[in-house]
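Novice: For reference, the sequence and a predicted model appear below.
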Amino acid sequence: MNRKELKQQVLTALNCQIVNIQNQITALAEDAQNDAKSSAGDKYETSLAMMHLAQEKLNNKLSQLLQLEHSAKQLPEEKTLNKVTLGSVVKTNYAVFYISVPIQSFVYQNKTIICVSVQAPLIQQILNKEIHSEINFNNLTYKILEIF
């Protein structure tokens, strides 16, 4: 597995989400301007407050996505150790994990890649382990088959 290609797929997915959120924020701002031109009274005030809350949520989501994008850009593209570290692709008997940022899984070379952060409980147990190590988690025994 090519870490550089996986990293690029993660960055592309994050960029799509960022653009989507930015478009939603723009649309919401335009809706607020249009409502301001044609509305008055309590109904207008309630509508404006709801739009403001929605915009706050979108801005928070955008901020989180930008932080994830920044973290993803820092991911190493080359394997340096035979241990599980940030940036590793770990094939287990149950799944393939890309230890990177927590985003939606995707298919790469006909395999589902699960993107997880180093803070994920399972990954906390896998960190610094080597090939053939076994980890018990949630009554399942994960065996590390390969590290890329």
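Specialist: Great, that's in hand. Numbers count the residues shown, from 1 in each chain.

Novice: dump the residue contacts of residue 73.
Specialist: residue 11 (Cβ atoms under 8 Å, 6 or more residues apart in numbering). For glycine as for every other residue, the C-beta is placed from the backbone atoms N, C-alpha and C.

Novice: Would you mind measuring from it to residue 21?
Specialist: Note on residue 73: its distance to residue 21, by Cβ to Cβ, to the nearest Å, is 18 Å.

Novice: One more: residue 83?
Specialist: Taking Cβ to Cβ, one finds residue 83 at 36 Å from residue 21.

Novice: And the two? Which one has more around it.
Specialist: residue 21 (20 against 16; other Cβ atoms under 10 Å).

Novice: Could you find the closest non-adjacent residue to the more buried one?
Specialist: In space, residue 21 comes closest to residue 62 once its chain neighbours are excluded; the distance is 4.6 Å by Cβ to Cβ, 6 or more residues apart in numbering.

Novice: mean confidence for the helix or strand harbouring that neighbour?
Specialist: Counting by DSSP states H and E, the element that carries residue 62 is helix 42-73. Per-residue pLDDT over helix 42-73 has a mean of 88.

Novice: same thing with stretch 122-131?
Specialist: Mean pLDDT, stretch 122-131: 96.

Novice: What segments of this protein are helices?
Specialist: Secondary structure of the chain, counting by DSSP state H: helices at 3-38, 42-73, 121-126.

Novice: who touches the closest residue to residue 126 other than its chain neighbours in this structure?
Specialist: Distances taken as Cβ to Cβ, 6+ apart place residue 84 nearest to residue 126, at 5.0 Å, with adjacent residues excluded. Residues near residue 84 by Cβ under 8 Å, 6+ apart: 90, 99, 123, 126-130, 144, 147.
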